[in-house]
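Q: Kindly return the folded structure for what I paste below:
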Amino acid sequence: MSVELHYYTLSVANLDRAAAFYGKLFGWEFRREHETYLHVTNTSVPMGFTADGPSSQPNLYYDVPDVDAAAERVRELGGSTGEMYESTSGRGCACTDDQGTRISLWQPAPGFARPQT
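A: Okay, the predicted model is just below:
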């Protein structure tokens, strides 16, 4: 199985303003998951917005079959990992590679995995 980008988020200061702006710009529709997260419901690549301040880069989430093993491999290769989190969509953690680039690993819960082709 190849590991592919499965989800990404854009960091913004205000979720309501982001919804108004991107909704009008691209026709995106939204579902509020909680006070700091807004899911975009009508894009082919799943995405959302987080209310943790503006950033020049998106947060990239890579779909892995075993997030614990992938996190351990990151550390073996000289990178670092943050705290493991759990959500209705699965388990994951933020990581930094051996050069300081940030990515996230995500093991989807049943019903959230990308269909295999």
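Q: longest helix of the protein?
A: helix 15-26 (DSSP state H).
Q: Just checking: what are the partner strands of the helix or strand following that helix?
A: Toward the C-terminus, helix 15-26 is succeeded by strand 30-34 as the next helix or strand (DSSP states H and E). If you go by DSSP bridges, strand 30-34 pairs up with strand 37-40 (antiparallel).
Q: who's in contact with the partner strand?
A: Residues external to strand 37-40 that are found in contact with it (C-beta atoms under 8 Å, 6 or more residues apart in numbering): 9, 15, 18-19, 22, 28-33, 46-51. (Each C-beta comes from the backbone N, C-alpha and C, glycine too.)
Q: ditto for stretch 48-64
A: Here stretch 48-64 has contacts from 3-15, 18-19, 22, 30, 33, 35-40, 70, 92, 102-108, 113-114, using C-beta under 8 Å, 6+ apart.
Q: Am I right that Tyr7 is in contact with Met47?
A: Yes: with contact defined as C-beta atoms under 8 Å, Tyr7 counts as touching Met47 (6.5 Å).
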